[in-house]
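Mind folding the following:
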Amino acid sequence: MAGNAGMRSVAVTYGTHTASEPNTARPTWTVPAFPAVVERILRTRQPH
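Just a heads-up that it's a prediction; the model follows:
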């Protein structure tokens, strides 16, 4: 969905899916846990 909207996306590899399942959605990034999502977003933020 994010790719169709022209947005970046993050797949998190914990939970109910295997590590390879989120990759079928072709996410921009894949991380192992939610704290890594926050870290990735903060690293890629562009200053205004």
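
use CA for all of it now, contacts and neighbours both
Fine.

Pull the contacting residues for the spatially most central residue of the chain.
The centre of the chain sits closest to Val10, judged by Cα atoms, centre = their mean, with a distance of 0.7 Å. With contacts defined as Cα atoms under 8 Å, 6 or more residues apart in numbering, the neighbours of Val10 are Pro27, Thr28, Trp29, Thr30, Val31, Val37.

Output the below-cut-off pLDDT ranges for this protein.
Applying pLDDT under 70 to the chain picks out residues 46-48.

in it, which spans are helices?
For the chain, applying DSSP state H gives helices covering 34-44.

quick one, strands of the chain?
With DSSP state E as the criterion, the chain has strands at 10-12, 29-31.

among those, which is nearest Glu21?
strand 10-12 (9.4 Å; Cα to Cα).

That closest one: partners in the sheet, and parallel or antiparallel?
Using DSSP bridges, strand 10-12 pairs in its sheet with strand 29-31 (parallel).

Can you list the buried residues in the partner strand?
Thr30, Val31 (16 or more other Cα atoms under 10 Å).

Please state the offset of it from the chain centre?
Mean C-alpha position of strand 29-31 versus that of the full chain (Cα atoms, centre = their mean, to the nearest Å) differs by 5 Å.

ok, back up a step: now the strands of the chain in a markdown table, please, with extra columns for distance to Asn4.
Below are the strands of the chain laid out as a markdown table (distance: least, Cα to Cα, whole Å):
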| stretch | distance to Asn4 |
| --- | --- |
| strand 10-12 | 14 |
| strand 29-31 | 16 |
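
Outside of stretch 30-37 itself, list whatever touches it.
By Cα under 8 Å, 6+ apart, stretch 30-37 touches Val10, Ala11, Val12, Thr13, Tyr14, Asn23.

Apply the buried test to those residues and list what passes.
Burial by neighbour count, 16+ other Cα under 10 Å: within those this picks out Val10, Ala11, Val12, Thr13, Asn23.

Show me the beta-bridge partners of the second one.
Note on Ala11: beta-bridge partners Thr30, judged by DSSP bridges.

ok, now which ones touch it?
Taking Cα under 8 Å, 6+ apart, one finds Pro22, Asn23, Pro27, Thr28, Trp29, Thr30, Val31 in contact with Ala11.
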